[in-house]
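Peer 1: okay, here's the prediction I keep looking at, along with the sequence it came from:
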Amino acid sequence: MSSAPLPSASPCSPLPTLVAQRRALALVAATLLALFAAARYGAGLRTDNRIEAWAGAVGADPAYDLLLEEFGGDSLTMVRVAGFDAEDEATARWLDALAGRLGALPGADHVIDGLHLYGLRGVTVHERLAELDQRPLAEAIDLGGAESARLDLFVVMDDSAGSAEATAFDAGFAALRVEATDLGVTLLAAGYPFVAAALDREAQTVERVFGPLLVLSAFVVCACFLRSFALTLVALLPGVVGAVSVRAGLRVVDVPSNMILVAAGPLVFVVMVASMIHLASAWRRLALAGLDPASAARSARIATWRPALVAAATTVAGFGVFLTSDVSAVRELGATVAVAVALLVPVSYALMPTALAGLVAPRPEAPRPEARVPGPSERRAQFEQHIGSPRVASVWRRTAHSAVRARTAVLAITAVLLVAGVLAPNGMPVSVSAIDYFSEGHPVRTEFSALDRASAGLSGVDVLVHAEEGVEPVAARALVAALARCPRVGSVFGPQAVAADLATLGPLGAMALPMVLRETGRRGMREPWWRFTARASVNTEEEIQALGLAVQEVAAGWSREHHYEVRVAGSLLRLHALQTALVGTLTRSLTLTALVAVIAFGLCLRGARQVLTAAVATAVPVAVVLIGARLCGFALDAATVMVASAVVGLSLDNTFHLMLAAGEGGEARRAQRFASFERVGAAAVAGICVLAVGFSCLALADFQPTARFGALAALGLVGALFADLAVIPALWIGGRARSRSGIQGAERGESPSVCSTVS
């Protein structure tokens, strides 16, 4: 900052001293050792994207807890075998053994299999399939038969199965798929274990592929700007340490990663890069001015520590507002990023000068006289004059001047962006299915969609009925008939279907009824709860909401009429509540983040004009993000609801650096505002380019939340660049006649110190 005195520069060689070099090497070696240890430990962090974990992320739900306790949840996996020749011996043997092999997979509890229903008298597979066409149970849940050359099986997952079992189940099923292909049989499957395993794989891809790609792209951009391999390494090292430490920290507190928390590492990395690049850029400017590396490091810290800490505090508060979310994964993301930034920025500013002091300074463009040590005023003038290459400094001076001249056009564009940003969220669709997180050609999405189009009814809502002696047949038939009339319900499966099926077998069926009821879902726990599942094909938020309301209404009316205690539950309803909570997170987090930013501006900036400028500059990238999401047709989901607040946290860094670098000048010292662009402009642009390129790498991911997050974050950072280079000069510098002298002086290339004196 211009108000802080600069330390004296010793007239020594630009090479670092031996002591400084040893300290720097020791610090870097210790950091790399800690980085390696954290990476090894963090590699053991588990990932959990099971439906149970997501459904439990929005608070308690007694009905869903009951569904889990009594029936193991509704994590059914549907397997459809079609296009087979049951009279082929090899195919028949494979079909006959399929249910047993599915039941032996990790995480499977039991299998509902039409070929092994109680009471089938056929010996061959073809004979049993022919009998299946006549069974009421097969008709109730559409198990298939010989006429359709199709067989549906349902794998009920063990309620104690975790994410590892879901992944192992997916891998085991892949082997069965290969065998089916060799036999010429079509094998389709859909279920939450496949979704969870695919989400785990995609999350690991982000960590193992796109995370390193983010670091690599940031290194290339920083190296082009800083023109030094060693300086770029020092600038990026805190961010890499932060990203790796996030995984280690999550493992320490035993919080599994998921499709939201996977963004914590990249976010910490980019926040640290945005902060450290200002320090590294200031060191390079001072070293080019002739200061030795140690003095340049101390002066760079003095010049940048205040805006860096203020920006870090605002970023911490911005991510801290996620703690108000109803979704536990969002709260964990906010807490993780906030804690990491709060710890890493002060520690990095304490240690970075030691590393910078050990670097070899770039060759000064204008060597300083070595005959005497300059005084404080002369050192200040030299610092102002030698802010880097005169040609580069002139670029940012002319850019700010052009924005002031085009003030009317800039403000008009800004107004349009802000108004469009306010209107953009209206009417945006809300993603209500995890299937939407996969790209169009992804196998999980392809098979789920194919089965859904075939009216398989993969989604469902459960009605749980408390009955000591069982549900009376008349009441059960009334409930089934009423549920079947609900919108988009294809079939209703419950104890009535099992009882009707076994009734066709006479006394043997009555004897087998308790056992079959247990095998088809009823666990026989302490309380006599009975389960009726309405299977439906729903895809949109409106369809899910309509189905949920209809089932709730049917259950309430049936309960009043027949005097049974009922509860309505299901993962479908829980996921809908999750998405609703995520939309609430968008509104709440944006509001609180804006409030925190305004408070920070009021405390750190002077004058209403500065506060207004900073507020508008912060709102512009948010508006760009919302407009981009609307134009691209993105739905409000786990990624898009957080990216706006994240972009605010990233863009605040440059805003504080630009506005605090001008010192305390008022209307009479406008030239200092041009000087702030000369000092900070290059670093601000470089930082935004690093972040935008890095997030653009994430946009290449097949995992749609990651891709949307990366694309929208990069787009928002482009909006932040427009705000920094156009909106801030137009609002902050221009607008009054008395600023003309400063503008003209800047245009002529007068030094900021001279302009300040004249003003």
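Peer 2: That came through fine. Since we're looking at a predicted model, the values are computed, not measured.

Peer 1: now for the spatially closest residue to Asp61 that is not a sequence neighbour, how many residues are close by?
Peer 2: Distances taken as CB to CB, 6 or more residues apart in numbering place Arg574 nearest to Asp61, at 6.4 Å, with adjacent residues excluded. All C-beta atoms are positioned from the backbone trio N, CA, C, and that covers glycine. By other CB atoms under 10 Å, the residues close to Arg574 number 22.

Peer 1: which helix or strand contains Arg574?
Peer 2: helix 571-604 (DSSP states H and E).

Peer 1: the domain parsing of this structure - what is it?
Peer 2: The chain is divided into the following domains under automatic domain parsing: 16-45+227-364, 59-197, 387-440+571-759, 468-563.

Peer 1: which among those domains is found nearest to Val221?
Peer 2: domain 387-440+571-759 (4.6 Å; CB to CB).

Peer 1: and the pLDDT at Ala409?
Peer 2: Ala409 is assigned a predicted lDDT (pLDDT) of 91.

Peer 1: how many neighbours does it have?
Peer 2: Ala409: 12 neighbours (other CB under 10 Å).

Peer 1: can you pull the contacts of it?
Peer 2: Residues in contact with Ala409 (CB atoms under 8 Å, 6 or more residues apart in numbering): none are found.

Peer 1: quick check: it vs Gly42, distance?
Peer 2: To Gly42, Ala409 is 49 Å away according to CB to CB, to the nearest Å.

Peer 1: cool, and Val111?
Peer 2: 38 Å.

Peer 1: ditto for Ala86
Peer 2: 51 Å.

Peer 1: what's the answer for Leu721, then?
Peer 2: Separation of Leu721 from Gly42 (CB to CB): 33 Å.

Peer 1: do Phe84 as well
Peer 2: 46 Å.

Peer 1: contacts for stretch 413-433?
Peer 2: 437, 539-541, 544, 575-576, 579-580, 583, 586, 616, 619-620, 622-627, 629-630, 634-637, 719, 727, 730.

Peer 1: could I get it in PDB with only the CA atoms?
Peer 2: Extracted C-alpha coordinates of stretch 413-433, given in PDB (Å, rounded to 0.1, in the frame of the first residue of the first chain):
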ATOM      1  CA  ILE A 413     -24.000  -2.700 -20.100                       C
ATOM      2  CA  THR A 414     -23.700  -3.100 -16.300                       C
ATOM      3  CA  ALA A 415     -27.300  -2.100 -15.800                       C
ATOM      4  CA  VAL A 416     -28.500  -4.600 -18.400                       C
ATOM      5  CA  LEU A 417     -26.400  -7.400 -16.900                       C
ATOM      6  CA  LEU A 418     -27.700  -6.700 -13.400                       C
ATOM      7  CA  VAL A 419     -31.400  -6.600 -14.400                       C
ATOM      8  CA  ALA A 420     -31.000  -9.800 -16.500                       C
ATOM      9  CA  GLY A 421     -29.300 -11.500 -13.700                       C
ATOM     10  CA  VAL A 422     -32.100 -10.800 -11.300                       C
ATOM     11  CA  LEU A 423     -34.700 -12.100 -13.800                       C
ATOM     12  CA  ALA A 424     -32.600 -15.200 -14.900                       C
ATOM     13  CA  PRO A 425     -33.500 -17.600 -12.100                       C
ATOM     14  CA  ASN A 426     -37.200 -17.200 -12.700                       C
ATOM     15  CA  GLY A 427     -38.500 -20.300 -14.500                       C
ATOM     16  CA  MET A 428     -35.200 -22.200 -14.400                       C
ATOM     17  CA  PRO A 429     -35.900 -26.000 -14.100                       C
ATOM     18  CA  VAL A 430     -35.000 -27.800 -10.900                       C
ATOM     19  CA  SER A 431     -33.100 -31.100 -11.200                       C
ATOM     20  CA  VAL A 432     -34.800 -33.800  -9.200                       C
ATOM     21  CA  SER A 433     -33.000 -36.900 -10.300                       C
END
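
Peer 1: and the helices in the stretch 51-200 of the chain?
Peer 2: For the stretch 51-200 of the chain, the helices defined by DSSP state H, counting those that start in this stretch cover 51-55, 62-71, 89-103, 125-132, 136-141, 163-183, 192-205.

Peer 1: for the spatially most central residue of the chain, give me its contacts.
Peer 2: Against the mean C-alpha coordinate of the chain, by CA atoms, centre = their mean, the closest residue is Ile260 at 4.1 Å. With CB under 8 Å, 6+ apart as the criterion, the residues that contact Ile260 are 327, 329-330, 332-333, 638, 642, 705.

Peer 1: now it: closest residue in space, sequence neighbours ignored.
Peer 2: Ala329 (4.2 Å).

Peer 1: sorry, back to before: so which of the domains of the chain gets nearest Leu451?
Peer 2: Across these, closest to Leu451 is domain 59-197 (CB to CB), at 5.1 Å.

Peer 1: centre of the chain to that closest one, how far?
Peer 2: Computed by CA atoms, centre = their mean, to the nearest Å, the separation of domain 59-197 from the middle of its chain amounts to 33 Å.

Peer 1: quick one: low-confidence ranges for the stretch 651-759 of the chain?
Peer 2: Within the stretch 651-759 of the chain, the segments meeting pLDDT under 70 span 661-671, 734-759.

Peer 1: ranges for the helices of it?
Peer 2: 671-698, 704-722, 728, 740-748, 752-758.

Peer 1: how far off centre is the longest one?
Peer 2: In this case it means helix 671-698. That offset, for helix 671-698, works out to 24 Å (CA atoms, centre = their mean).

Peer 1: likewise for the third one?
Peer 2: In terms of CA atoms, centre = their mean, the centre of helix 728 is found 30 Å from the chain centre.

Peer 1: quick one, helices of the stretch 351-500 of the chain?
Peer 2: Under DSSP H, counting those that start in this stretch, the stretch 351-500 of the chain gives helices at 376-385, 390-405, 407-423, 443-453, 473-484, 495-503.

Peer 1: run the angle between the fifth one and helix 495-503 for me.
Peer 2: What separates the directions of helix 473-484 and helix 495-503 is an angle of 120 degrees, with axes from the mean of the first three to the mean of the last three CA atoms, to 10 degrees.

Peer 1: next, the buried residues of helix 473-484.
Peer 2: For helix 473-484, burial by neighbour count (16 or more other CB atoms under 10 Å) applies to 475-476, 478-480, 482-483.

Peer 1: ok, so of the residues you listed, who is nearest Ala34?
Peer 2: Nearest to Ala34 among the buried residues of helix 473-484, with distances taken as CB to CB, is Leu483, at 58.8 Å.

Peer 1: where's that closest one relative to Gly239, distance?
Peer 2: As for Leu483, its distance to Gly239 is 54 Å (criterion: CB to CB).

Peer 1: likewise Thr314?
Peer 2: Counting by CB to CB, the gap from Thr314 to Gly239 is 18 Å.

Peer 1: which one's more surrounded, these two?
Peer 2: Taking neighbours as other CB under 10 Å, Thr314 and Gly239 compare with Gly239 leading, 27 against 24.

Peer 1: show me what counts as buried in the helix or strand where the more buried one lies.
Peer 2: According to DSSP H and E, Gly239 maps onto helix 229-252. Residues of helix 229-252 classed as buried by neighbour count (16+ other CB under 10 Å): 231-251.
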